[in-house]
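Participant: here is my input; please provide its structure:
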Amino acid sequence: MNRNDRLIKKKIYKYMLTGIMTTVALQLGNIVDAMIVGNLIGSIGNGAVSASTPYTYVLQAAAILLASGGAVIAAVMLGKRQPESAGKVMGFCLLAGVLYPLAFAVLSPVAVPLYVQFTGAEGEIKDLIYDFTMVYSLGIPVISFVLIMSYFMNVDNHPAYSAAMNITANVVNLVLDFILVKFTPLGMKGAALSTALGYLVAGCIFIPLYLRSSRRMLKPSLKALGKAKQLITAALKRGSPNLIYLIMTVIGMSIINRSVLNSLGSGYYSAYAVTNNTQAIVTMFLNGIASVIASVAGVLYGEKDFYGMRAVLKKVLKTTLIAGGAIMVLFLAFPQALAAMYGFKNPDILPELKTGMRIFSLSFGFFILNSITQNYYRTIGQTFLSITVTVLELLVIKIPLMLAGLKWFGFSGLFTAIIFSELLSFLIVNLIRIAMQKKGKVPQKGFMAIPERREGEICDLSITAGDDKAARIYKEIIGYCLKEGMPERDAKIMGMAVEELVLNIGLYGYPDKDKKDIDICLSKNDGKFYLRLRDDGIPFDPVSYEPQGRDEDDIGGLDLLKKMAVKLSYMRVINLNNTIIEIDCAKGAEVNG
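Facilitator: Alright, predicted model coming up:
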């Protein structure tokens, strides 16, 4: 009887959808705005949205830093059974995530004109950039709050609410975009306003539903934040790779945008804007899939379930490569259709744009590897490696290569440079990781940098359906306990309790008797035994469970286990029942004696 990844896979697919939708929420507003204004106002409108993107990213910086980092730490704290600490992280992130954009909203009359001047735009496009960035600045506090809530809802047993909220926000945005741009005099102002209104409507619908849910484990708290500096620092540290990614993107886009505009002119600049927006589509889908690492593997890392982490990484890598391959085929086959989505029809430049988009698509595989590297290393706390791949990929290697490609090979040289920058970034960061592992600065060997569990070190099992396997679990548990030095009486109690818990989960936890999956893990560390049971049945807390209709003298295995336990805890995380029982052999002997 061995461990399988069936239970983890169920969660991966569910959280993958919400990860995509959350990432979509960060970028789809600008993508939709670019499509609408590109078709209704003209390609100059698409160029204006693209030119505004670096500034809107700066406005989103706090939300990305706090949401991505805070959600990872909250997931790890839930995995460690510390919901109060997770609640403090959530409270801090919500507070800071609103104060930052409020400051930008107040300063927008000064900051927006300075940014417009920095772009170097003149004439009509200058006015369009101003209109879009000014209105977006006023709406960013609402957008930031909803985005941060979305991340925390995702790790707190409500991925469906998170996904639905993001879908609703973008549907409302799409509808209002068309109405306000086409049928009102607002023009570009309407495109930005529709984004803020979309988030406002979606937040008003789904955040109250989440707050009233009985499955909610997180309660945001602002109490004693001064004593939670370590948690806050950890959250900021885990979110810093995503913030660095945003900063590098802003710097890179600003440099390349100005270079293309100055060297090739406004026509090629509008063409490059098309590739920027199609790149955003690729990024939001592939990064959305990779974000499962933070949502699911973050909890598993807190639980030290290294088998589960490997299952997550393997499935995410396979899924992203398949999705990336499908998107690459679309770019190779239909570049003109993608350009038409943004209203680009310049017949003189279109052939070069089609060639550039096809070349660009060849970088997707390397982009996937870098995205997974960044997400994975920030999840396990290897922030230096996560930041390194971002800085290499987006600035140190990419910008010099793109500028050189633009100078020597023109428009198509930009996209050839992207391929080499993605490949070199992945190779260099892994060489750095190997060097750090040899010096002992990064634990373990291999890409994952987590312990390898050798056979016999832990008792790690999975059962699927059929309660007939409970008796086999009893024997497996007793055998492991005896091998690790537990007294025979305690070992039998442990086996009986696990058998009882598994039977109860199978009998009462699943309406559909053919779809029950249970993971059981028993390990020994520092003289203590740790038992973890995980299932995806209906919520059931064995800690507070009191069987009805049983005689006082009828003591079951679970009751004896509770008397032996140093610590027994239950939590519903990533929509799984997680029960952890910690047993000290010495205390168990005292109880039995």
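Participant: OK, contacts around Leu317?
Facilitator: 368, 372 (Cβ atoms under 8 Å, 6 or more residues apart in numbering). Yep, even glycine has a C-beta here, placed from its N, CA and C like the rest.
Participant: how about it, phi and psi?
Facilitator: Dihedral pair for Leu317: phi -60, psi -50, per degrees, to the nearest 10.
Participant: where does this protein have low pLDDT?
Facilitator: Scanning the chain for pLDDT under 70 picks out 1, 17-19, 21-34, 43, 453-458, 465-471, 508, 511-515, 543-566, 585-593.
Participant: so it: which segments form each domain?
Facilitator: By the assignment in automatic domain parsing, the chain contains the domains 6-438, 458-592.
Participant: and stretch 165-184, which residues are buried?
Facilitator: Residues of stretch 165-184 classed as buried by neighbour count (16 or more other Cβ atoms under 10 Å): 165-170, 172-174, 176-178, 180-181.
Participant: figure out how far that stretch is from the centre of its chain.
Facilitator: Distance, stretch centre to chain centre, for stretch 165-184: 25 Å (Cα atoms, centre = their mean, to the nearest Å).
Participant: just the CA atoms of it, as CSV, please.
Facilitator: C-alpha atoms of stretch 165-184 as CSV (Å, rounded to 0.1, in the frame of the first residue of the first chain):
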residue,chain,number,x,y,z
MET,A,165,-15.4,37.4,-8.6
ASN,A,166,-12.7,37.8,-11.2
ILE,A,167,-14.9,36.6,-14.0
THR,A,168,-17.6,38.9,-13.0
ALA,A,169,-15.2,41.9,-12.8
ASN,A,170,-14.0,41.3,-16.3
VAL,A,171,-17.4,40.6,-17.8
VAL,A,172,-18.7,43.9,-16.4
ASN,A,173,-15.5,45.6,-17.6
LEU,A,174,-16.0,44.3,-21.1
VAL,A,175,-19.6,45.3,-21.3
LEU,A,176,-19.0,48.8,-19.9
ASP,A,177,-15.9,49.2,-22.1
PHE,A,178,-18.0,48.8,-25.2
ILE,A,179,-20.8,51.0,-23.9
LEU,A,180,-18.8,53.9,-22.5
VAL,A,181,-16.3,54.1,-25.3
LYS,A,182,-18.7,53.7,-28.2
PHE,A,183,-21.9,55.4,-26.9
THR,A,184,-20.6,58.2,-24.6
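Participant: going forward, the N-terminal residue is numbered 273.
Facilitator: Renumbered: residue one is now 273, and that last one reads stretch 437-456.
Participant: Throw the buried residues of stretch 437-456 into TSV and include secondary structure and distance to Ile397, thanks.
Facilitator: Shown next, in TSV, are those (DSSP: H, G, I helix; E, B strand; the rest coil; distance: Cβ to Cβ, whole Å):
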residue	secondary structure	distance to Ile397
Met437	helix	34
Asn438	helix	30
Ile439	helix	32
Thr440	helix	32
Ala441	helix	28
Asn442	helix	26
Val444	helix	27
Asn445	helix	23
Leu446	helix	24
Leu448	helix	23
Asp449	helix	19
Phe450	helix	22
Leu452	helix	20
Val453	helix	16
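Participant: ok, of the residues you listed, which one's closest to Asn318?
Facilitator: Ranked by distance to Asn318 (Cβ to Cβ), the buried residues of stretch 437-456 are led by Val453 at 12.2 Å.
Participant: test my guess that Ala320 contacts Tyr402.
Facilitator: No. Contact criterion Cβ atoms under 8 Å: Ala320 and Tyr402 do not qualify, at 9.1 Å.
Participant: neighbour count winner among these two?
Facilitator: Ala320 (32 against 21; other Cβ atoms under 10 Å).
Participant: that one and Asp449: what is the separation?
Facilitator: 14 Å (Cβ to Cβ, to the nearest Å).
Participant: quick one: the strands in the chain?
Facilitator: For the chain, the strands defined by DSSP state E occupy 730-736, 789-797, 800-807, 837-845, 848-856.
Participant: can you say which of those strands is nearest to Ser380?
Facilitator: strand 837-845 (39.8 Å).
Participant: what about Ile671, how many neighbours?
Facilitator: Neighbour tally, Ile671, other Cβ under 10 Å: 18.
Participant: which residues sit in contact with it?
Facilitator: 523-524, 527-528.
Participant: now, these that are in helices?
Facilitator: 523-524, 527-528 (DSSP state H).
Participant: would you write a PyMOL line that selects the buried entries of these?
Facilitator: Per 16+ other Cβ under 10 Å, the buried members of those correspond to this PyMOL selection:
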select buried, resi 524+527+528
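Participant: and the ones in helices among the contacts of Ile671 as a markdown table, adding distance to Thr645?
Facilitator: Listed next are the ones in helices among the contacts of Ile671 as a markdown table, based on distance: Cβ to Cβ, whole Å:
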| residue | distance to Thr645 |
| --- | --- |
| Ile523 | 21 |
| Gly524 | 18 |
| Ile527 | 24 |
| Ile528 | 23 |
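Participant: what is the nearest of the ones in helices among the contacts of Ile671 to Ser693?
Facilitator: For the ones in helices among the contacts of Ile671, the nearest to Ser693 is Gly524 (10.0 Å; Cβ to Cβ).
Participant: so that closest one touches Leu667, yeah?
Facilitator: Yes. Counting by Cβ under 8 Å, Gly524 sits close enough to Leu667 to count as a contact (6.0 Å).
Participant: residues near Ala605, how many?
Facilitator: The local packing of Ala605 (other Cβ under 10 Å) involves 12 other residues.
Participant: typo on my end, it should be Ile810
Facilitator: So Ile810, with other Cβ under 10 Å, has 11 neighbours.
Participant: got a list of what the residue nearest to it when sequence neighbours are not counted touches?
Facilitator: Nearest non-adjacent residue to Ile810, counting by Cβ to Cβ, 6 or more residues apart in numbering: Gly781, 5.5 Å away. For Gly781, the contact set (Cβ under 8 Å, 6+ apart) comprises 788, 807, 809-810, 812, 849.
Participant: so which of those residues comes closest to Cys753?
Facilitator: Using Cβ to Cβ, those come closest to Cys753 at Asp807, 21.6 Å.
Participant: the closest one: neighbouring residues, count only.
Facilitator: Around Asp807 there are 23 residues (other Cβ under 10 Å).
Participant: Arg510 now?
Facilitator: Residues near Arg510, counting by other Cβ under 10 Å: 26.
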